[in-house]
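>>> Just to be clear, the model below is a prediction. Sequence and coordinates:
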Amino acid sequence: MTQPPTAPPTPPPVPAVPPDGTDTGVGQEPGGSATAQPGAAASGSPVGPRRTAWSEGVRRLRAAATTEPGRLRAVGAVLAALVLLFGAVTAWQISDRVAAADAVVDHSQPLSADAAHIYRSLADADTSASSGFLAGGDEPRSERRRYEKDIREASELLASAAANSQGSRTAQRQIAVLNRGLPVYTGLVESARADNRQGLPLGGAYLRYANEKMRGELLPAARKLYTAETRQLGGDYEDAKSWPLLAVGTGVVALAALGWAQRRNYRRTNRVFNRGLLGATAVSLALLVWLTAGHAMARSGLNESDTKGARSLHALNEARIGTLQARGDENMTLVARGGGAVYEESYKKQMARVAGRSERGAGSGLLDNARDAADDRAGSSAVEEAQDAVRTWQQRHKKARAEDDGGNYEDAVARVIGAKDSTRESFDEVDRSLSRAGAHEQRQFEKAADAGRDWFAGLVVGALVLAVLGAAAAVLGIGRRLAEYR
């Protein structure tokens, strides 16, 4: 029996292809209906990777930046940030200079002056001790009181320096040397004084040993202390006077950005002024002028305090130290009783440093330097009086040496420590004149330094306040432009 023929198999459905030839991944049901495939959306398009919140935010910012409102917001943010940065940098740099100026007036200059006073007190104590020794067992009370006053002042100033020089290792080391050596020195002087009252020749040996202690240990340490404090004063001066270049540069950049923003606004809107941006520019310009003018005036005042005060004081201190050393050498020449050639040679060297040598011309001595450093008649006249007294001192010293060399020891002592027409009288006149000049120069320093420091007053707070006002004005100015797009 013959089987009926079977129907040919039905071919599988062909996926629909879009007109552009791209495979959509969507099949067709028989009869034309589409069948969703796994991973395909109901609309027939594939699902892309999901965006994170960060990337979406970045995309929106980029899109916003391509619009004028977005660009205006960015400009406003940059302008506000620049103005605030200008104020912050100004406040920071001026704060540093105010601190340095305060250090000059209240710390380093007083410490330098105290260090010089320590040196003078020690040298004067040594001179007073030798003068009292030359008077013999009947030591004048005035010399004793002067010696005790010098030792007391040196001790008090050392304690003050130790409390206020903690930032300097050099100063601390020298203060330690002085604190250790001063009691030893005073002990030797007391031994010399006790033996001298009894007429024992051992007293002279004790005094020479005390003098060597003073010259070889205490005075060099006091000199190093003075040098260290003077160096610190110079460093504080440099810090206070240095230009705040970073603040000035930031201010110029802020003003340039504000000018660019206003020019951009004019070119896009044809409006000449934007009140907010104009106000921010005015505030920034005012702060920049205040910064540069205020610092220039402060710098001028500090320079004046340095040239007309601190340098004059330094020259006077050197001259006073030189005269004290010369006086001590003069006394010790007689204390040594015929063996003082080394002290006499030292006296001549010190006096040459103080008065200058004629063959070297004018301006060669410490007193010449002090006179030249004085900026007015009050200061220079006092130094000139000291110079006159030094010349008289030199003449009287020659007479004293002639008496000693001729074997008239008692007459030589009288010409050195006597109450009338003695080298002591000349030395006291020199010391009084230089002390008067020093007091005048100290007042000059304080007046000029205070005037210079006052120019910084209010600038730190003012910079912060003006910066906030300028930033707010810039934001408001940009805000007015943004309002036109709403």
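Now that the structure is in, tell me what you want to look at.

>>> what's the helix or strand hosting residue 327 packed up against?
Residue 327 belongs to helix 311-335 when assigned by DSSP states H and E. Applying 3 or more Cβ pairs under 8 Å, 6 or more residues apart in numbering; DSSP states H and E, one finds that helix 311-335 contacts helix 109-134, helix 202-213, helix 219-241, helix 341-355, helix 366-373, helix 377-405, helix 409-417, helix 423-454. To be clear about C-beta, it is placed using only N, CA and C from the backbone, and glycine gets the same treatment.

>>> got CSV for those helices, with mean neighbour count, mean pLDDT and distance to residue 481 too?
Conversion of the helices and strands packed on helix 311-335 to CSV gives the following (neighbours: other Cβ atoms under 10 Å; pLDDT from 0 to 100; distance: least, Cβ to Cβ, whole Å):
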stretch, mean neighbour count, mean pLDDT, distance to residue 481
helix 109-134, 25, 91, 55
helix 202-213, 19, 90, 82
helix 219-241, 20, 92, 44
helix 341-355, 18, 91, 75
helix 366-373, 23, 90, 62
helix 377-405, 18, 92, 63
helix 409-417, 19, 90, 90
helix 423-454, 20, 92, 42
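
>>> Make a markdown table out of those helices and add distance to residue 70.
As requested, these are arranged in a markdown table below (distance: least, Cβ to Cβ, whole Å):
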| stretch | distance to residue 70 |
| --- | --- |
| helix 109-134 | 57 |
| helix 202-213 | 82 |
| helix 219-241 | 45 |
| helix 341-355 | 77 |
| helix 366-373 | 65 |
| helix 377-405 | 68 |
| helix 409-417 | 93 |
| helix 423-454 | 48 |
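
>>> how about the ones you listed, which one is nearest residue 260?
Of all the helices and strands packed on helix 311-335, helix 219-241 sits nearest to residue 260, with 33.6 Å by Cβ to Cβ.

>>> Against which helices or strands is that closest one packed?
Judged by 3+ Cβ pairs under 8 Å, 6+ apart, helix 219-241 is in contact with helix 68-103, helix 109-134, helix 169-197, helix 275-305, helix 311-335.

>>> still on that earlier bit, the helices and strands packed on helix 311-335: which one's closest to residue 81?
Residue 81 sits nearest to helix 219-241 of all the helices and strands packed on helix 311-335, at 28.8 Å, using Cβ to Cβ.

>>> Report the inter-axis angle for the helix or strand following that closest one versus helix 68-103.
Toward the C-terminus, helix 219-241 is succeeded by helix 245-269 as the next helix or strand (DSSP H and E). With axes from the mean of the first three to the mean of the last three Cα atoms, to 10 degrees applied, the angle from helix 245-269 to helix 68-103 works out at 160 degrees.

>>> Residue 322: what's it in contact with?
By Cβ atoms under 8 Å, 6 or more residues apart in numbering, the residues touching residue 322 are 350, 353, 354, 366.

>>> Which residue, other than its chain neighbours, is closest to the first one?
I take that to be residue 350. Once flanking residues are discounted, residue 350 sits nearest to residue 326: 3.9 Å by Cβ to Cβ, 6 or more residues apart in numbering.

>>> Next one, pLDDT for that neighbour please.
Residue 326 is assigned a pLDDT of 92 by the prediction.

>>> what's the burial count for residue 98?
17 (other Cβ atoms under 10 Å).

>>> And for residue 286?
Neighbours of residue 286 under the rule other Cβ under 10 Å: 14.

>>> ditto for residue 159
Residues near residue 159, counting by other Cβ under 10 Å, number 12.

>>> try residue 192
26.

>>> so it touches residue 204, yeah?
Yes: with contact defined as Cβ atoms under 8 Å, residue 192 reaches residue 204; the gap is 7.3 Å.

>>> intersection of neighbour lists for these two?
The contact sets of residue 192 and residue 204 overlap at residue 133 (Cβ under 8 Å, 6+ apart).

>>> returning to that earlier point: now the helices and strands packed on helix 219-241 as a markdown table including distance to residue 458?
Shown next, in a markdown table, are the helices and strands packed on helix 219-241 (distance: least, Cβ to Cβ, whole Å):
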| stretch | distance to residue 458 |
| --- | --- |
| helix 68-103 | 10 |
| helix 109-134 | 24 |
| helix 169-197 | 34 |
| helix 275-305 | 9 |
| helix 311-335 | 30 |
